[in-house]
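K.L.:
quick check, what structure comes out for this input:
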Amino acid sequence: MSGHGTPIPMSSRCVGPLKGQADVPGDKSISHRSILFGAMAVGETTVTGLLEGDDVLDTAKAMRAFGADVARGDDGVWSIHGVGVGGFAEPDQVIDCGNSGTGVRLIMGAMATTPIAATFTGDASLNKRPMGRVTDPLALFGAQAYGRSQGRLPLTIVGAKAPVPVVYRTPMPSAQVKSAVMLAGLNCPGQTVVIEAEATRDHTERMLQGFGADVMVEDTPEGRAITLTGEPELKPQTIIVPRDPSSAAFPVCAALIVEGSDVLVPNIGLNPTRAGLFYTLQDMGADLTFENMREEGGEPVADLRARYSPNLKGIDVPPERAASMIDEYPILSVVAANAEGITKMHGVKELRVKESDRIDAMAVGLRAAGVTVDEGEDWWHVHGTGGAVTGGCVAESHLDHRIAMSFLILGMAAKNGMAVDDGSPIATSFPIFEGLMGALGAHITRDNR
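P.N.:
Sure thing, here's the model as predicted:
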């Protein structure tokens, strides 16, 4: 069953080459933070190119509930009139974050050092995800959390009345945990320090600096240390959101495995903490090039051109690259299924606690499609078929947008196509997916079963 309403069964099949330009939506990570940081600034922040998927729209609704004025203009530009650091009002209603782990965890951090209470819930998928990884460090500031077993939603956070800064070493590579701790530190006196053994996406550090916060990043013997000085006055910004590399992954990977394809994906953010998939594809022999490389809003940006690549080879993906491509392993496994040889992915246990257990979800679906997959707790190996995936089966999406899109991309190259039981979660991150892929020449249908 879908956590997004009535399930939408979907299928795809090969109909020929994919050609043209794919204008993917704005970056989801930056979109979330634009709304949230704007709500914590004093004055008006404007955002152009915001991803208007369900996840980000739920964050916008949450910021309104906490007292910020968040509105979309007729020209598509969003305006956020913030309440300042520590200025959140206590919400009158439960905060529903839908499917978004990023939204709920960052919002929890942002309100945890303000003396208010808020109750959070989400859809069936989000309510299964672990929140203790965030509520545990927030307790160090003085916040209290009351939820279901294993810290699951629905969950109430009671913000600290007299918050104290902390030094926190993240037990796992997680940009969400790091960001939640940093946002809690904004409303604390003194300096909050987060130390991560493995660098994760750094949009929070970059953007908080842009909003005027004092954030220092340095490499130490213990790892990457981020020091934030609390109680700043965040200054409103004019933000142009680069396009999402995680969304770009789908048309890029489709072009690589569908014969005769040539697709241009413009204006993609290439933050080094996010671009691991593209370098991995190049290592596999993909005809993937970066054109018009430049910098916009402090973030590296380029146009990506992807062409059909019939000689893809399986590789050992460097485990240290995992944090920079953690959301892209499902679609990478689709490319791996069409390559020659074995693609080995290790150090990826975080995939077990995403919107679904993504290793299990992809392994089960790929096996049903005729692909051999080996797996362990924090690794999996995909045995390539050399472009001879059988397909012809229905894969379960498990309420996970990336699982649904990955199997629909697989169907574009599989001999007998592919189907998914529910494509409705795609709207959370890539609401124009069907139309965009269809304009390139893909055949995706909504099925009535």
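K.L.:
hey, let's count contacts and neighbours off CA atoms from now on
P.N.:
Fine.
K.L.:
just give the nearest non-adjacent residue to G109, would you?
P.N.:
Ranked by Cα to Cα, 6 or more residues apart in numbering and with sequence neighbours excluded, the top spatial neighbour of G109 is A180, at 4.1 Å.
K.L.:
just checking, that neighbour touches R105?
P.N.:
Yes: using Cα atoms under 8 Å, A180 makes contact with R105 at a distance of 6.1 Å.
K.L.:
for those two, indicate the residue with more neighbours.
P.N.:
A180 (25 against 22; other Cα atoms under 10 Å).
K.L.:
so which bits of the helix or strand harbouring that one are buried?
P.N.:
Assigned by DSSP states H and E, A180 belongs to helix 175-186. Buried positions in helix 175-186, judged by neighbour count with 16 or more other Cα atoms under 10 Å: 175-186.
K.L.:
tell me the one among those nearest to D422.
P.N.:
Q176 (26.7 Å; Cα to Cα).
K.L.:
pLDDT score for the closest one?
P.N.:
At Q176, the pLDDT value in this model is 94.
K.L.:
now do the contacts for it.
P.N.:
102, 105-106 (Cα atoms under 8 Å, 6 or more residues apart in numbering).
K.L.:
same thing with S12?
P.N.:
408-409, 411-412, 417-419, 442-445.
K.L.:
dump the contacts of Q176 into JSON lines; add distance to S246 and pLDDT as well.
P.N.:
Below are the contacts of Q176 laid out as JSON lines (distance: Cα to Cα, whole Å; pLDDT from 0 to 100):
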{"residue": "T102", "distance to S246": "14", "pLDDT": "93"}
{"residue": "R105", "distance to S246": "19", "pLDDT": "97"}
{"residue": "L106", "distance to S246": "19", "pLDDT": "98"}
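K.L.:
now, those that are in helices?
P.N.:
Members of those lying in helices (criterion: DSSP state H): 102, 105-106.
K.L.:
about what we covered before: hey, what's in contact with both of A180 and R105?
P.N.:
In contact with both A180 and R105: V134, using Cα under 8 Å, 6+ apart.
K.L.:
might one say that L183 is in contact with L106?
P.N.:
Yes: counting by Cα under 8 Å, L183 does reach L106; the two are 7.3 Å apart.
K.L.:
would you say Q150 is within a helix?
P.N.:
Yes: looking at Q150 with DSSP: H, G, I helix; E, B strand; the rest coil, it is inside a helix.
K.L.:
my read: it touches N127, true?
P.N.:
No: the criterion here is Cα under 8 Å, and Q150 misses it with N127 at 10.9 Å.
K.L.:
out of those two, which sits in the more crowded spot?
P.N.:
Counted by other Cα under 10 Å, Q150 and N127 do not tie: N127 has more neighbours, with 22 against 12.
K.L.:
contact partners for the nearest residue to the more buried one once chain neighbours are set aside?
P.N.:
Distance criterion Cα to Cα, 6+ apart; nearest residue to N127, sequence neighbours excluded, is L153 at 4.8 Å. With contact set as Cα under 8 Å, 6+ apart, L153 has these partners: 120-122, 126-129, 131, 147.
K.L.:
with secondary structure added, can I get these in JSON lines?
P.N.:
Formatted as JSON lines, the contacts of L153 follow (three-state DSSP):
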{"residue": "F120", "secondary structure": "strand"}
{"residue": "T121", "secondary structure": "strand"}
{"residue": "G122", "secondary structure": "coil"}
{"residue": "L126", "secondary structure": "helix"}
{"residue": "N127", "secondary structure": "helix"}
{"residue": "K128", "secondary structure": "helix"}
{"residue": "R129", "secondary structure": "coil"}
{"residue": "M131", "secondary structure": "coil"}
{"residue": "G147", "secondary structure": "strand"}
